[in-house]
Structures are given as C-alpha cells and as structure tokens.
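Engineer: Predicted coordinates and the sequence they were generated for:
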Amino acid sequence: MSDHTNREDFLNAIAEKAGRPRHQLKDHPFEPLNDLPETTLSGHSQDELETIAKKNSEGVHVTFKTTTKADLASALNAYIEQDAPKTMILPTTDKYADFGLTEWTNTVSPKPMYWTPGKGRDFNLKQAAAADVAIGFADYLLAESGTITVA
C-alpha cells in the first residue's frame, strides 16, 4: 500500500468513527484572514531587520551578538570564558563544518556533552538540564518577536 492510500484509509476511518463525512480541501480552499505573514516587516532591509531582532531578543533577556564566520570560534570562546560554565551541551549535527567550527569542537573547554538521538529523550533531557551552557544552531530568527526556531 502506498503512503497516500494509508493516509486516506486512516482519515476515512476517523471520519467514519466521528460519524461525519470527510472534509475535502478542494471543497473548502484555504482563505487567509489577512496578509500579515507577507507584509509584516516586509519593507525593511536586512540591516534594519537585524536591529529589530536585536532589540526584541534583548527584550526577552537574550544576549544578541553578531560576528563573522571567521571570528565565530573566538566569539564563542569569549562567551564561554565570560560565563565560566562547568558543563556544556552541544547538538549532534554536521553543521559545525558549515560554520568553520569542526576544530573548535575538539578544543573547546569545558569538554562538551552532546545531544545524542540514539540515547533517548530522557537521557538527553537529563543531560541538557544539567548543563550550565547550551549552544545550538537556529534555523530561523523572527525579528518581530526575537523568537528562534530549531528543527
């Protein structure tokens, strides 16, 4: 059976148990209530968005720093040195090479723990809770709220 067939069978079973017909999007196309996602902050340059993101991030008690890729390892070391953590957790990812941090992960102090998917959620949450510092990679930063998202 294909994924599509499995999905349809699953949704049909739910509709049947609920005692109502299946909702079909083609019969009820999505109509947005407004255009806020497309227009909010749309007239701002990247520099202006960075300024807005910095202000809003600091409003929720985030230390917002910018640096170059070449200086990223030094900036992280300065942050770690200032905070003086005893324990640190880093994500298990291949993104370190993208940011020129492969060597940094081998020399950073304190020696980091890593989020390890194979060890299970409870193990990783316990490690994360015990860490004084966590460093990760954000996928997006929303300037409007200072919110970061991580996949």
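Structural biologist: Sure, I can see it. Just so it is clear, the model here is predicted, and its values are computed rather than measured.
Engineer: mind listing what Lys55 touches?
Structural biologist: Gly146 (Cβ atoms under 8 Å, 6 or more residues apart in numbering). Bear in mind the C-beta positions are built from the backbone N, C-alpha and C, glycine included.
Engineer: Quick check: it vs Tyr114, distance?
Structural biologist: Separation of Lys55 from Tyr114 (Cβ to Cβ, to the nearest Å) stands at 33 Å.
Engineer: ok, longest helix in this protein?
Structural biologist: Criterion DSSP state H: the longest helix present in the chain is helix 3-18.
Engineer: Just the CA coordinates for that one, please, in CSV.
Structural biologist: Extracted C-alpha coordinates of helix 3-18, given in CSV (Å, rounded to 0.1, in the frame of the first residue of the first chain):
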residue,chain,number,x,y,z
ASP,A,3,1.5,6.3,1.8
HIS,A,4,-1.3,8.1,0.1
THR,A,5,-3.6,5.0,0.4
ASN,A,6,-2.6,4.5,4.0
ARG,A,7,-3.3,8.2,4.8
GLU,A,8,-6.7,8.1,3.0
ASP,A,9,-7.7,4.9,4.8
PHE,A,10,-6.7,6.4,8.1
LEU,A,11,-8.6,9.6,7.5
ASN,A,12,-11.7,7.7,6.3
ALA,A,13,-11.7,5.6,9.4
ILE,A,14,-11.5,8.7,11.7
ALA,A,15,-14.4,10.3,9.7
GLU,A,16,-16.5,7.2,10.0
LYS,A,17,-15.9,6.9,13.8
ALA,A,18,-16.8,10.5,14.2
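Engineer: Start at 495, not 1
Structural biologist: Understood, numbering begins at 495; the last thing we discussed is helix 497-512.
Engineer: Can you give me the buried ones in it?
Structural biologist: Within helix 497-512, no residue counts as buried by 16 or more other Cβ atoms under 10 Å.
Engineer: Cheers, nothing more for now.
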